[in-house]
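# Compute the structure for the input listed below.
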Amino acid sequence: MTCCALSWVSQKLRHYMASYMTHLISRMDPVRYIFCQHMPIGKLAKWQMLLTEFDIQYVMQKAVKGQALVDLLARSPVDDNPVPLWTYFLDDEILTIEGEESEDESGWKIYFNGVVNFKGSGIRAVLVSDSGQYYAVAAKLSFNCTNNMAEYEACILGLCLSLDMDVKDLQVISDSDLLIYHVQGEWATKNEKIIPYVGLVQRLADRFQERSTARCAFVEAETDEKPWYVDIKMFLEKGEYLERITLNQKRTIRKLANGFFLNKNVLYKRTLNLELLRCIDSVEATKFIEEVHTRTCGPHMNGFVLVKKILRTGYYWMTMENDCSKFVKKCHKCQIHRDLIKVPPTELNVMMSPWPFDA
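This next block holds a predicted model:
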């Protein structure tokens, strides 16, 4: 189609293109292939014969910096009643999502985090007063450490900052379950490098008026008991979307809905063989994995075979490959009765027999 359009334009604009050199700006590789081919055959030779009478020079299209802005304005036109930009984004908070504070939760708080990568290690902590004022501190570690050690270093930095400011009641908030349960004594500490950190954090916590309360600050999965396909089902049934979702999410839902089929109140997944797989939620999926893997005629197969067997039975959910792999790794019988790996951990080297000593 591109070559046909170019030939048609050259015939219509013959009186212009025959007198001047024409620069063809295009990102289509087939057009470039026609002009660069020395001995074309078939239809390529026909197209080249029609275009050789004109002085056409192929030029690659360069990047246009303003094109991204033009495309954005074209996709999002502004009408008489423009909607504020903040309505397109979810109300996601960084690190924590907190509601109204009660009298027991009010007071000084400390947030901390440690990062380790190939460039080095760094720690930071933020102390929040009861009046809402922030005190931030950061430091770079000059020694090699692990992620858990960096978390402990950041916690110690935050506790020392709190003691220097004469804080008596402090609430420690972290996203590390390991640190929280180690300090509270619920988990045993086996790593020799972490044991000194645990003892130091416990000693610093005892210097406060009340022992610091630590809690995890990450957001867990939603517990609204809605299945994973609720947005796809709503779009196929009513042509509507859930509340407070972005334009990209709407576009993704429309693309995903093309691979599903809704029959009354049951959602099915279309396969490449035009088969229909019944979509199930996470609760049914957990029971189904256990039934297929361990119960009736369950040969304790690996995760890949388990996924294939579930698909053959006619069921589907979005994260079935990841869920099956995790279930097989946690299966006790699979870990005991699986084939033993007899390959040595290191490569074996052939040793020459020693020469006898001379008498």
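# The stretch 51-200 of the chain: strands as residue ranges?
Secondary structure of the stretch 51-200 of the chain (DSSP state E, counting those that start in this stretch): strands at 56-60, 108-117, 120-128, 134-141, 170-174.
# how's the chain carved up into domains?
Per automatic domain parsing, the structural domains of the chain span 7-60, 108-216, 230-337.
# need those domains in CSV with mean neighbour count, mean pLDDT and distance to Ala68, can you?
To be clear about C-beta, it is placed using only N, CA and C from the backbone, and glycine gets the same treatment. Formatted as CSV, these follow (neighbours: other CB atoms under 10 Å; pLDDT from 0 to 100; distance: least, CB to CB, whole Å):
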stretch, mean neighbour count, mean pLDDT, distance to Ala68
domain 7-60, 13, 71, 16
domain 108-216, 16, 85, 30
domain 230-337, 14, 84, 16
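# Any chance of CSV for these, columns distance to Asn349?
Formatted as CSV, those follow (distance: least, CB to CB, whole Å):
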stretch, distance to Asn349
domain 7-60, 52
domain 108-216, 31
domain 230-337, 32
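# Quick one: classify Phe208 as helix, strand or coil.
coil (DSSP: H, G, I helix; E, B strand; the rest coil).
# Quick check: it vs Ile180, distance?
In this view, Phe208 and Ile180 are 16 Å apart by CB to CB, to the nearest Å.
# and if you look at Asp164?
Distance, Asp164 to Ile180, by CB to CB: 23 Å.
# measure stretch 286-304 end to end?
Length of stretch 286-304, first residue to last, CA to CA, to the nearest Å: 16 Å.
# can you check stretch 257-265 too?
15 Å.
# Any idea how far it is from the middle of the chain?
26 Å (CA atoms, centre = their mean, to the nearest Å).
# residues in contact with it?
229, 232-233, 235-237, 267-270, 276, 279 (CB atoms under 8 Å, 6 or more residues apart in numbering).
# Show me the two of those that sit farthest apart.
Phe235 and Leu276 (18.0 Å; CB to CB).
# what does the helix ranked longest in the chain contact?
In the chain, taking DSSP state H as the definition, the longest helix is helix 147-164. Identification of contacts with helix 147-164 by CB under 8 Å, 6+ apart yields 108, 110-116, 121-127, 135, 137, 139, 141, 145, 170, 172, 174, 176, 178-179, 191, 193-194, 197-198, 200-201, 204-205, 207-208, 212.
# what are the ranges of the helices in the stretch 1-150 of the chain?
For the stretch 1-150 of the chain, helices defined by DSSP state H, counting those that start in this stretch occupy the ranges 2-12, 14-17, 29-36, 43-51, 67-75, 147-164.
# okay, those in TSV with distance to Glu290 next?
What follows is the helices of the stretch 1-150 of the chain, written out as TSV (distance: least, CB to CB, whole Å):
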stretch	distance to Glu290
helix 2-12	56
helix 14-17	72
helix 29-36	52
helix 43-51	60
helix 67-75	46
helix 147-164	33
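# For Gln57, find the nearest of these.
Closest among these, using CB to CB: helix 29-36, at 8.3 Å.
# hmm, back to that, tell me which of the contacts of stretch 257-265 fall in strands.
In strands, judged by DSSP state E, the following of the contacts of stretch 257-265 are found: 267-270, 276, 279.
# and those as TSV, adding distance to Cys3?
Listed next are the ones in strands among the contacts of stretch 257-265 as TSV, based on distance: CB to CB, whole Å:
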residue	distance to Cys3
Leu267	45
Tyr268	43
Lys269	41
Arg270	36
Leu276	42
Cys279	46
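# what's the closest of those residues to Arg244?
For the ones in strands among the contacts of stretch 257-265, the residue nearest Arg244 by CB to CB is Leu267; the value is 22.7 Å.
# and that closest one, what are its bridge partners?
Leu262 (DSSP bridges).
# And Ile25, how close does it get to Gln57?
Taking CB to CB, one finds Ile25 at 10 Å from Gln57.
# and if you look at Val307?
Relative to Gln57, Val307 is positioned 54 Å away (CB to CB).
# now Ala257
46 Å.
# for Asp166, same thing?
Counting by CB to CB - Asp166 and Gln57 are separated by 77 Å.
# just His337 next, same as before
Taking CB to CB, one finds His337 at 71 Å from Gln57.
# Leaving aside the residues adjacent along the chain, what's closest to Leu127?
In space, Leu127 comes closest to Tyr135 once its chain neighbours are excluded; the distance is 4.2 Å by CB to CB, 6 or more residues apart in numbering.
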